[in-house]
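Trainee: just a sequence and a predicted model for now, questions to come.
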Amino acid sequence: MQRIAIPPLELRLQRRYLKMVQGHLHSVPKLAAGMSALPGVSSAFAATQGAWRFLNNEQVSLSALVEPLRKVGLERANADDSVDFALLVHDWCKLAFSHPKSDEVQLTHESDVGYELTTALLVSAANGSPLAPMEMHLKTAHGVLSTRPRTRNVSHLEQVLPTMKAALSWGLNKPLLHVIDREADSVDHLRRWEAAGHLYLIRGDSRIVKWQSASVNTAKVAQQLRQQRKFSCVGTALYQGSPAQLWVAETEVVLYRPAQKNVKGVQYSLPGPRLTLRLIVVQLRQGNGKLLAEWLLLTNAPANLITAEKLAYCYYWRWRIESLFKLLKSHGQHLESWQQMTGMAIARRLLVAAMACVIVWKLQADQSPQAQELKTILVRLSGRQTKRTTPHTAPALLAGLWVLLSMLELLKHVDLNRLKRLAKAIPYLNTG
């Protein structure tokens, strides 16, 4: 395995960071979501104490902990010459903990408390592989804890433009396409992002646009395109676990109506310039033509940079960020069972756990013969059952990595033959 990127911390803290990343290279049961330590010579208590000191050390800044993640993401994105752009997926999720924290915040109604996690995930535009989280923010009762300094507590869409601006300084060698779900279907924000020169791909709701000199609902536009046989089948995609045909059509629309704003319960209209966008209509169909799902995508990305077919897959790959949330939650790290008591300790540990995810993703994307052999071994060590179509899942690789690392660490201190002799003391166990 390649050397893990190190945050700019003093040597003692760098060593602890490496140990903590190793401690998160596993998939844990919900009731054992605490810190883990490899079976070395130090005690589990010492490892726990070291982790506690690290997560509560004011010298360990979030901006330092995100640097290794960005380094890996940039290296992988910049090294891919097969595409002329990169994807940054924006999304938000609630963290509801089984153990109450000291600075949880009310998110919507009175009983809806916890933290809110904002993530900007860099994704490969070549094949949709997740690369690395480039920014993470945690909303708490005391404010927003962020990998970017001076992050304000604002609404979801108001967070996007500062991230877009910050991304220009990361060092990407290609344009960045920002992908956001239907929450971003806001005329005002689309106009502002366009004015600032950023490329975006958002899923829109059905809305009135100017199309072929007439005011038409976008859902009606999609219906007309199908009647005119403008769709073409560009490949396949999974729909609820089953393969489906991916059909795509494209046309040009104009957003011309005023944006509808709501400030402290007061609604008003905000006029703005006409915005000419590409409407990409994506349909998932069964082989008999039955419509399974439909996406109405709006983008300002030029056609000579990204084709409609590619944009359809770019939005399809938006779900990689949901895979990250699952890997951090129920499918791997069981984040919502962590016992750290403050948002800052949770935020620091989140960035450590994210590096463990990045290591697994990098291994998962490696198609070399050596990596393929290792992945097969890790899945066997994990004891997980995987589908034939996806033999190497991230949670299975996480679980297998911990078994492998534990074996290697133990063999540094105990001879293999001695282990076999000791195992013979276990009744009915034939160790060969």
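Mentor: That came through fine.

Trainee: could you pull out the helices for this protein?
Mentor: Assigned by DSSP state H, the helices in the chain fall at 11-23, 44-55, 62-79, 156-167, 187-195, 218-227, 308-316, 320-328, 343-365, 369-382, 394-411, 416-423.

Trainee: so which of the ones you listed is nearest residue 289?
Mentor: Counting by C-beta to C-beta, residue 289 lies closest to helix 218-227 out of the helices of the chain; the figure is 10.0 Å. For every residue, glycine as well, the C-beta is placed using N, CA and C.

Trainee: which parts of that closest one are buried?
Mentor: 218, 221, 222, 224, 225, 226 (16 or more other C-beta atoms under 10 Å).

Trainee: let me see the contact set for residue 7.
Mentor: Contact criterion C-beta atoms under 8 Å, 6 or more residues apart in numbering gives 13, 14, 17, 64, 65, 67, 68 as the residues in contact with residue 7.

Trainee: which of those residues are buried? Put it as a PyMOL command.
Mentor: Filtering these down to the buried ones (16+ other C-beta under 10 Å) takes a single PyMOL command:
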select buried, resi 13+17+64+65+67+68
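
Trainee: what's the closest of the contacts of residue 7 to residue 81?
Mentor: Minimum distance to residue 81 across the contacts of residue 7 is 23.8 Å, recorded for residue 68 (C-beta to C-beta).

Trainee: ok, and the closest non-adjacent residue to the closest one?
Mentor: Nearest non-adjacent residue to residue 68, counting by C-beta to C-beta, 6 or more residues apart in numbering: residue 5, 3.6 Å away.

Trainee: burial of the one you found, as a residue count?
Mentor: Neighbourhood size, residue 5 [other C-beta atoms under 10 Å]: 16.

Trainee: wait, it touches residue 73, no?
Mentor: No. With the criterion set as C-beta atoms under 8 Å, residue 5 and residue 73 do not qualify as a contacting pair; they are 10.1 Å apart.

Trainee: common neighbours of these two, please.
Mentor: Counting by C-beta under 8 Å, 6+ apart, no residue touches both residue 5 and residue 73.

Trainee: one step back: can I get the contacts of residue 7 in TSV with pLDDT and distance to residue 381?
Mentor: As requested, the contacts of residue 7 are exported to TSV (pLDDT from 0 to 100; distance: C-beta to C-beta, whole Å):
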residue	pLDDT	distance to residue 381
13	91	31
14	91	28
17	89	25
64	95	33
65	95	29
67	95	31
68	94	26
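
Trainee: which one of the contacts of residue 7 sits closest to residue 137?
Mentor: Proximity of these to residue 137, judged by C-beta to C-beta, is greatest for residue 65, which lies at 13.1 Å.

Trainee: thinking again about what came up before, give the contact list for the residue nearest to residue 68.
Mentor: Contacts for residue 5 were tallied using C-beta under 8 Å, 6+ apart; they are 67, 68, 69, 71, 72, 355.
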